[in-house]
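> pasting the sequence and the predicted model now:
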Amino acid sequence: MPKPSLAQVGQGDPAVLAHPGYRAFPPCALPLQTDAARAEYDSTGRLIWNAGRLSKDMHIALSAYASCFDQIQRISAEGLTPRASWYTNLQKALARLKLDDIDKPISAPKEAPVNRFARFGFPSRR
């Protein structure tokens, strides 16, 4: 699947109007009760959205993943032990999202030194 242009993900020319399907991030299809699940839905959904892979099927898988995550968070907050099958369902929903196929940047720690030659493509040798 080709990557979307920058105009499609909201980073292109301001004079170009995006299709309505590219403008708004859809809410979760299932009700979420915990803030942690809403944050997980938003962060994982934005990752898929920015990669240009958010389709109806992907949205349903993302909603199922967030719902499983919500259920585990809610039960854990009550002091109860979540069922093992809930973790299995969470892993299955996560596998359906295929996040490993997305080119996601790996962030470095804040205290990591900055390579002064990184912009030019040369390694920093001292």
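Now that the structure is in, tell me what you want to look at.
> CA atoms for contacts and neighbours, from now on please.
Fine.
> state the mean pLDDT of stretch 78-89.
Averaging pLDDT along stretch 78-89 gives 94.
> equivalent analysis for stretch 29-46, please.
pLDDT averaged over stretch 29-46 gives 93.
> now it: buried residues?
32, 34, 37, 38, 40, 41, 42, 44, 45 (16 or more other Cα atoms under 10 Å).
> which members of those occur in helices, if any?
The helices, defined by DSSP state H, take in 37, 38, 40, 41, 42, 44, 45 from the buried residues of stretch 29-46.
> about what we covered before: of the buried residues of stretch 29-46, closest to residue 100?
Closest approach to residue 100 among those (Cα to Cα): residue 44, at 12.1 Å.
> what is the burial count for residue 71?
Look at residue 71: counted by other Cα atoms under 10 Å, it has 20 neighbours.
> any idea which helix or strand carries it?
For residue 71, the host element (DSSP states H and E) is helix 56-77.
> helix or strand right after that helix?
helix 84-97.
> and that next one, what does it pack onto?
When contacts are defined as 3 or more Cα pairs under 8 Å, 6 or more residues apart in numbering; DSSP states H and E, helix 84-97 sits against helix 56-77.
> and the helix it packs on, which residues are buried?
Buried, per 16+ other Cα under 10 Å, within helix 56-77: 58-74.
> and stretch 95-103, by the same measure?
So, applying 16+ other Cα under 10 Å, buried residues of stretch 95-103: 96, 97.
> quick one: average pLDDT of it?
85.
> quick one: contacts of that stretch?
Residues from elsewhere that reach stretch 95-103 (Cα atoms under 8 Å, 6 or more residues apart in numbering): 48, 51, 58, 61, 62.
> between these, which is nearest residue 89?
residue 61 (11.1 Å).
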